[in-house]
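>>> Next one to model:
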Amino acid sequence: MTAVTSLLIAIAAVMSENQPAPEPTDQDAGAEDESLTIEEAAALLRRSTKWMYRHRDRLPFVKKIGPRSYLVSRPSLNRWLACRQ
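Presented below is the predicted three-dimensional model:
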């Protein structure tokens, strides 16, 4: 290891110790992505579940998890709603 490499490693170690932990954002508030059922998402959107199933391919927050099972990402749904207003 050269002197320059050793110096860079030492500087990186000191810098990482001095940096405060990042503040959690709304998206990071729940480490896991909170998921909703189609029925819950339909209620939030004031649409019928039939409408949700018909438009699921065009809704970016609806994810297929099985042959006939879908989940909705709450953070993605909130971002989608914010863009539509």
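>>> For the helix or strand hosting residue 12, what is the distance to the chain centroid?
When elements are defined using DSSP states H and E, residue 12 is found to belong to helix 3-18. For helix 3-18, the distance from its own C-alpha centre to the chain's C-alpha centre is 33 Å (Cα atoms, centre = their mean, to the nearest Å).
>>> tell me the mean pLDDT over that helix?
Averaging pLDDT along helix 3-18 gives 75.
>>> what comes into contact with it?
Counting by Cβ atoms under 8 Å, 6 or more residues apart in numbering, helix 3-18 makes contact with no residue outside itself. Just so you know, the C-beta spots here come from the backbone N, C-alpha and C atoms, and that holds for glycine as well.
>>> Return the set of buried residues in it.
Applying a neighbour-count criterion of 16 or more other Cβ atoms under 10 Å, one finds nothing buried in helix 3-18.
>>> what lines up beside the helix or strand following it in the sheet?
Secondary structure here is assigned by DSSP H and E; on that basis, the next helix or strand after helix 3-18 toward the C-terminus is strand 35-36. Here the strand partners of strand 35-36, with direction, are listed using DSSP bridges: strand 69-73 (antiparallel).
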